[in-house]
Each structure stands twice: as C-alpha cells, then as structure tokens.
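Colleague: sequence? don't have it. structure:
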C-alpha cells in the first residue's frame, strides 16, 4: 500500500488491489521516508522553504567545463545545477541508494505534484533560465521552460483582468458622466 502526499497536502496513489492497509503501513507514506523526501524536495525547490541550504545559482550556465561543449556538441543536456540537473542526480540517488524503481516513482510523482501546484498557484518553477524555451537543451528542460512561460502569461493575464475590472468600472462612470 502506498499513500503519497505532496507538500501541498494532496493524497495520490491509494494502493495495490484496493485492500485496506495494515496499521503499520499507514504510518509511512511511501518508499522514501517523509523527512528524507522533504530534504530532496527542498533541494529541488529551494524557494518553497524559508531557509534553504541549496539555492540555485543566479545565472545558470549550460556547461562549466570548456571541453564539454566540443566533445558533447551533439548531445542536448541541461544547465549545470539547474532543476533538471538536480532532478537527475536525485533520481540516480533513488535508483541506486534508496532501493530501485519504487523510490524513483515516488520522487517523480512528488515532483509532478509540485509542478502542478506551482501551475495552479501561478508560482514560477525555480532552477530554469528565464525566457522562452532554449532548443539547445533537452526536451524535458524545454517543457519545463514552457510551463514557466505559461505561468508568466497566466500571471500577466490575471493582472490585466484585475486591472481591466477596476478600469471598466471607472470607464463606465466616465461614460455616464458624458451622457
């Protein structure tokens, strides 16, 4: 039985076979213990906590190794120490240290819950360069950049609608005064 919850408090996967869990299984939420999962999520999304030990660098470079751009020119990757880079490192850690595929699935589920939460609350996803998707990066990185672009447009539309609603009332009063 797996009962996964994100930092936003949403429950997700209910279990295998629909059987009710044993009392000892209800105490843990998945293959990755909650305390350890919070540390991983704080590493991936440092802006979610007040004091993070692992902030993203101010400027994300595509590679800090000068020879890498020559030898890997045909390979698309992601910025060093960016979100996709950190997600890859943590997924490899889950696969090799925490016990295989179940912790990987747990972390990916939590990651997607966090991305969905950020979309719903119009909060930008950290660890990505600003602007439109850069085609020199891998497709997953581009998709996350596109989600960030959509979040920015969503915020701009909401600001415009809020401003428009306030201006609409003022414009209506102006029109009434002119009549």
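Modeller: That came through, no problem. If you're wondering where the values come from, they're calculated on a predicted model, not measured in any experiment. Residues are numbered from 1 along each chain as shown.
Colleague: my guess is residue 137 meets residue 75, correct?
Modeller: No. Distance between residue 137 and residue 75: 10.8 Å, which falls outside the contact criterion (C-beta atoms under 8 Å). For glycine as for every other residue, the C-beta is placed from the backbone atoms N, C-alpha and C.
Colleague: neighbour count for those two, which is higher?
Modeller: residue 137 (20 against 8; other C-beta atoms under 10 Å).
Colleague: quick check on the more buried one: phi, psi?
Modeller: phi -100, psi 170 (degrees, to the nearest 10).
Colleague: which residues touch it?
Modeller: By C-beta atoms under 8 Å, 6 or more residues apart in numbering, residue 137 lies in contact with 62, 76, 77, 78, 79, 84, 145.
Colleague: the second one and residue 139, how far apart?
Modeller: Distance, residue 76 to residue 139, using C-beta to C-beta, to the nearest Å: 8 Å.
Colleague: next one: residue 117
Modeller: Computed as C-beta to C-beta, the residue 117 to residue 139 distance reads 23 Å.
Colleague: what about the two, which has more around it?
Modeller: In this view residue 117 and residue 139 are compared by other C-beta under 10 Å, and residue 117 has more residues nearby, 17 against 10.
Colleague: what residues sit buried inside stretch 100-108?
Modeller: 103, 104, 105, 106, 107 (16 or more other C-beta atoms under 10 Å).
Colleague: what sits against the first one?
Modeller: To tie it back to what came earlier, the one meant is residue 103. 30, 31, 32, 94, 95.
Colleague: that older thread, out of the contacts of residue 137, which one has the lowest pLDDT?
Modeller: Among the contacts of residue 137, residue 62 carries the weakest pLDDT, at 50.
Colleague: what is the subsequent helix or strand relative to the helix or strand bottoming out on mean pLDDT in the chain?
Modeller: Every helix and strand in the chain was compared by mean pLDDT, DSSP states H and E; the lowest is helix 68-71, with a mean of 54. Following helix 68-71 in sequence order, the next helix or strand is helix 83-96 (DSSP states H and E).
Colleague: give me the residues contacting that following helix.
Modeller: 32, 40, 43-44, 56, 78-79, 101, 103-104, 106-108, 111, 125-128, 137-138, 140-141, 144.
Colleague: looking at those residues, which are in helices?
Modeller: 40, 43-44, 101, 103-104, 106-108, 111, 140-141, 144 (DSSP state H).
Colleague: how about those residues in TSV, adding distance to residue 132 and pLDDT?
Modeller: Shown next, in TSV, are those (distance: C-beta to C-beta, whole Å; pLDDT from 0 to 100):
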residue	distance to residue 132	pLDDT
40	29	90
43	27	90
44	23	91
101	34	93
103	34	93
104	30	94
106	32	93
107	28	93
108	26	95
111	23	95
140	16	94
141	12	93
144	12	95
